[in-house]
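K.L.:
Pasting the sequence and the predicted coordinates here, then a few questions.
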Amino acid sequence: MTTLVVLHGANLDMLGERPAVHYGTVTLGELETAITTEAAAVGWECICLQTNHEGTFIEWLHEHRKADAMIVNPGAWTHYSYAIRDALELVSCPVAEVHLSDIAAREEWRRHSVVSPVVSFTVAGKGPQGYLEAVHRLHDMAAG
Ligand code: DQA
């Protein structure tokens with residue numbers, strides 16, 4: 001069975017209560033269900049994890065570095081965590097960086113992602129739909 005690992009970072013457990021203007025109203029549980037359902041539709045199983053601890057996020061990247069495909073939304077760590085960037089470099093499968101909000105159109109400090117150079121592609125500003133798009137793009141990469 002092909003395994004897709006979905007890692008969410010800091011504060012994403014609070015989706016549903018975070019500013020709806022940026023993140024909508026979906027909860028993390030609902031988002032994970034939508035991703036898992038989309039993955040199942042292409043025959044993939046899904047492991048969904050969330051943490052507010054950077055070291056745990058890094059250890060999960062190590063643990064799952066040989067998964068078949070990965071989606072990461074590191075939250076605010078996206079913008080400054082060189083440790084997460086270095087851990088992502090060790091991941092051997094295709095990795096999608098996904099953000100619910102359009103980070104390029106927000107505050108100056110959010111416009112730069114330190115992880116973008118070491119992922120396969122980035123999807124931002126499409127809300128939950130961006131994750132579903134990422135599942136299909138990862139699937140296409142695996143098939144190709
Ligand atoms: C986010 C964007 C980040 O800037 C922010 O810190 C988040 C969520 C997004 O999904 O839009 O926590 O990664």
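P.N.:
Looks like it arrived, so ask away. Residues are numbered from 1 along each chain as shown.
K.L.:
Near residue 11, how many other residues are there?
P.N.:
Using other C-beta atoms under 10 Å, residue 11 has 14 neighbouring residues. Every C-beta, even on glycine, is put in place using the N, C-alpha and C of the backbone.
K.L.:
need the contact list for the closest residue to it other than its chain neighbours.
P.N.:
Excluding the flanking residues, the one nearest residue 11 by C-beta to C-beta, 6 or more residues apart in numbering is residue 75, at 5.4 Å. With contacts defined as C-beta atoms under 8 Å, 6 or more residues apart in numbering, the neighbours of residue 75 are 8, 9, 10, 11, 12.
K.L.:
rerun that using 10 Å as the cut-off
P.N.:
When contacts are counted by C-beta atoms under 10 Å, 6 or more residues apart in numbering, residue 75 touches 8-14, 50, 52, 54, 57, 81, 99-100.
K.L.:
Now the two most distant members of the residues you listed.
P.N.:
Spanning the widest gap among those are 54 and 100, at 19.7 Å by C-beta to C-beta.
K.L.:
near the ligand, which residues of this protein?
P.N.:
Within the chain, the positions near the ligand by C-beta under 6 Å from any ligand atom are 11, 73, 75, 76, 78, 99, 100, 101, 103, 110.
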